[in-house]
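S.K.: generate coordinates for the sequence data below:
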Amino acid sequence: MSYFPPETRKQFHDPDMEMPESFRSFIESFHSMFLFNVALSVLSIGATFVMVYLIYKCIRECGLPNININKNGGGGRLGAEMTPLLPDSQIRDTTIENFLDEIAGEKPVRFTAQQLAGYTNGYSAQLGSGGFGAVYKGMLPNGLIVAVKVIHGNMGDKISDAQFMAEVGALWRTNHVNLIRLIGFCSGADKRALVYEFMEKLSLDTYIFKRRHAAAIGVRHLHAIAVGVASGLRYLHEECQKKIIHYDIKPSNVLLDDTLTPKITDFGLAQLLSRVADHVPATATCHGGGGPRGTAGYIAPEVGTQAAVTEKCDVYSFGMMLLEIVGRRKNFDVDLPESQRWLPLLAWTKYDSGELMELMMDCHGEVAFEDEVEQWERMCKVALLCVHGQPEMRPTMSTVVNMLEGHVEVPPPAYPFAWMEPPVAGTRLSTTSDGGAILLSTS
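M.R.: Now for the predicted structure:
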């Protein structure tokens, strides 16, 4: 049943029927308005995407709100200078070479705890541990192998706070071939960590204290390593923006890359000074635990006393390490005869009696090349200059570099141990867990 009479239906279905002009105009206007609205909607959506992209780019380039690595505000200025979080996608989309070039000389990258857990596969490969933390092997999304040092203690713990701030504060200001590169960090309530470049050959002590590795590095390489460490210290003391005293130079804090290039690491005890500062206040030479900064056996005599401390304390530690390099042994060995236990005194005795070559034969065996003999003897004499008990008698690190490289003559060392004399009745040298020697009272 139809709702229209036949003649009306014919009008609707007749293709030849002419449309009224007013209706035709309405249809055309409606069509134009529809197309205009569609175009306007497309443009609006496009403009929105452009605005979102520009805002995102601005945030990435200008930085997110700054972090504060200390809840109580201490060290907040350090946190305020850090960089924003870096997503994995940005790391993944660049080559290792480009990534390292981009971060060279820049602020360290801020990572999340979740990112570091992923990079280290749940912290499954531990490389080592120490008093302030454990170090794990990891890999960034672009394939770069890294070492992740997780700091012991939560935020608010004064000792771990100080170590974290010292390490980040020192390393992001530096850029030198003989200093470890700080790639990034993580700072949160439950996780604080530092991300470093990974050193394939591990630490120097592996090669001078462990017999199975000792043959892998000859005198020439040992000399090059000594020059490299000295160059890194010269940079810290004399060349970078702020004078930096490391306070803990020792073989385990020198890492080696695949070409045996040395890198000074572990700046947790480091102290930054202005260029015009000539010493450190006595109260600043002790760490949070109350003892002197550094490791027993490498600590300069003036550290932890009321005497003013300068960068010469690093020179002393370097000299002690240099003796261990030339001797291929720890500076104190309780298993040796008493006259040979403390390496610095043994080296001085051999030098003073004109028997340095005897010490070299004991440490290295037969040496085939004359230049190696000359390098070894030079290292030994420079070490004796560096371990002098009086800071003002020690050379600067720039002078040390020049002497080691043969640019200047090495002056005859003076007797370095007058600070220990006259011997006090009831004292003796004792070894520490890390091979150092300290004076103990037996009374």
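S.K.: residue 322 against residue 384, yeah?
M.R.: No: counting by Cβ atoms under 8 Å, residue 322 does not reach residue 384; the two are 9.2 Å apart. For the C-beta atoms, the positions are set from N, CA and C on the backbone; glycine is no exception.
S.K.: who has more neighbours, the two?
M.R.: Counting neighbours by other Cβ atoms under 10 Å for residue 322 and for residue 384 shows that residue 322 has the greater number, 27 against 24.
S.K.: now do the more buried one, the pLDDT please.
M.R.: Listed pLDDT for residue 322 reads 98.
S.K.: how close does it get to residue 253?
M.R.: Between residue 322 and residue 253 the distance is 14 Å, computed by Cβ to Cβ, to the nearest Å.
S.K.: any idea how many residues pack against residue 363?
M.R.: Around residue 363 there are 19 other residues, counting by other Cβ under 10 Å.
S.K.: same question for residue 226.
M.R.: Counted with other Cβ under 10 Å, residue 226 comes out at 26.
S.K.: same deal with the one 5 residues further on?
M.R.: By the measure other Cβ under 10 Å, the count of residues near residue 231 is 23.
S.K.: OK, contacts around it?
M.R.: The contact partners of residue 231, by Cβ atoms under 8 Å, 6 or more residues apart in numbering, come to 176-178, 401.
S.K.: try 6 Å this time
M.R.: Residues near residue 231 by Cβ atoms under 6 Å, 6 or more residues apart in numbering: 178, 401.
S.K.: then residue 247?
M.R.: Here residue 247 is in contact with 269, 293-294 (criterion: Cβ under 6 Å, 6+ apart).
S.K.: inside strands: which ones of these?
M.R.: Among the contacts of residue 247, no residue falls in strands (DSSP state E).
S.K.: of all the residues in stretch 165-178, which ones are buried?
M.R.: Counting neighbours by 16 or more other Cβ atoms under 10 Å, one finds that the buried residues in stretch 165-178 are 165-174, 176, 178.
S.K.: how about stretch 192-207?
M.R.: Those would be 192-199, 201, 203-207, for stretch 192-207 by 16+ other Cβ under 10 Å.
S.K.: what does stretch 178-189 give?
M.R.: 178-187.
S.K.: mean confidence for the helix or strand containing residue 170?
M.R.: Per DSSP states H and E, residue 170 falls inside helix 158-171. Helix 158-171 shows an average pLDDT of 82 in the prediction.
S.K.: send me that helix as PDB with only the CA atoms.
M.R.: Presented in PDB, the C-alpha positions along helix 158-171 are these (Å, rounded to 0.1, in the frame of the first residue of the first chain):
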ATOM      1  CA  LYS A 158      74.800  10.900  54.800                       C
ATOM      2  CA  ILE A 159      77.800   8.800  53.800                       C
ATOM      3  CA  SER A 160      76.200   7.400  50.600                       C
ATOM      4  CA  ASP A 161      74.800  10.800  49.800                       C
ATOM      5  CA  ALA A 162      78.200  12.300  50.000                       C
ATOM      6  CA  GLN A 163      79.800   9.600  47.900                       C
ATOM      7  CA  PHE A 164      77.100   9.800  45.200                       C
ATOM      8  CA  MET A 165      77.400  13.600  45.000                       C
ATOM      9  CA  ALA A 166      81.200  13.600  45.000                       C
ATOM     10  CA  GLU A 167      81.300  11.100  42.100                       C
ATOM     11  CA  VAL A 168      78.700  12.700  39.900                       C
ATOM     12  CA  GLY A 169      80.000  16.200  40.700                       C
ATOM     13  CA  ALA A 170      83.600  15.300  39.900                       C
ATOM     14  CA  LEU A 171      83.100  13.300  36.700                       C
END
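S.K.: now stretch 178-198: average pLDDT?
M.R.: Averaged across stretch 178-198, pLDDT comes to 90.
S.K.: quick check: phi and psi on residue 110?
M.R.: With angles defined as degrees, to the nearest 10, residue 110 sits at phi -100, psi 120.
S.K.: need the pLDDT of it.
M.R.: So, for residue 110, pLDDT stands at 87.
S.K.: again with the one 4 residues further on
M.R.: Confidence per residue is given as pLDDT, and for residue 114 that number is 93.
S.K.: list phi and psi for it.
M.R.: Main-chain torsions, residue 114, degrees, to the nearest 10: phi -70, psi -40.
S.K.: now swap in residue 269 and tell me
M.R.: The phi/psi pair for residue 269 (degrees, to the nearest 10) is phi -110, psi 0.
S.K.: now do the contacts for it.
M.R.: Contact partners of residue 269, counting by Cβ under 6 Å, 6+ apart, are 247-248, 293.
S.K.: helix, strand or coil for the closest residue in space to it that isn't next to it in sequence?
M.R.: Spatial nearest neighbour of residue 269, chain neighbours left out: residue 247 (4.1 Å); criterion: Cβ to Cβ, 6 or more residues apart in numbering. What DSSP: H, G, I helix; E, B strand; the rest coil gives for residue 247 is coil.
S.K.: can you check the pLDDT for residue 247?
M.R.: pLDDT, residue 247: 93.
S.K.: also residue 275?
M.R.: pLDDT for residue 275: 58.
S.K.: look up phi and psi at the spatially closest residue to residue 126 that is not a sequence neighbour.
M.R.: Leaving aside its sequence neighbours, residue 126 sits nearest to residue 136 (Cβ to Cβ, 6+ apart; 5.5 Å). Main-chain dihedrals, residue 136, degrees, to the nearest 10: phi -120, psi 150.
S.K.: check contacts around residue 136.
M.R.: By Cβ under 6 Å, 6+ apart, the contact set of residue 136 is 120, 123, 125-126, 148.
S.K.: mind doing that once more with 8 Å?
M.R.: The contact partners of residue 136, by Cβ under 8 Å, 6+ apart, come to 120, 123-127, 147-150.
S.K.: what's the distance between residue 150 and residue 157?
M.R.: Where residue 157 is concerned, residue 150 sits at a distance of 14 Å (Cβ to Cβ).
S.K.: looking at the two, which is more packed in?
M.R.: The residue with more neighbours, out of residue 150 and residue 157, is residue 150; 20 against 15, by other Cβ under 10 Å.
S.K.: and the more buried one, which of the three is it?
M.R.: With three-state DSSP as the basis, residue 150 sits in strand.
S.K.: residues contacting it?
M.R.: Applying Cβ under 8 Å, 6+ apart to residue 150 gives the contacts 123, 133-136, 191-193.
S.K.: kindly report the same for residue 262.
M.R.: Counting by Cβ under 8 Å, 6+ apart, residue 262 makes contact with 178, 204, 225, 228-229, 232, 254-256.
S.K.: at 7 Å instead, please
M.R.: 178, 204, 225, 228-229, 254, 256 (Cβ atoms under 7 Å, 6 or more residues apart in numbering).
S.K.: good, we can wrap up now.
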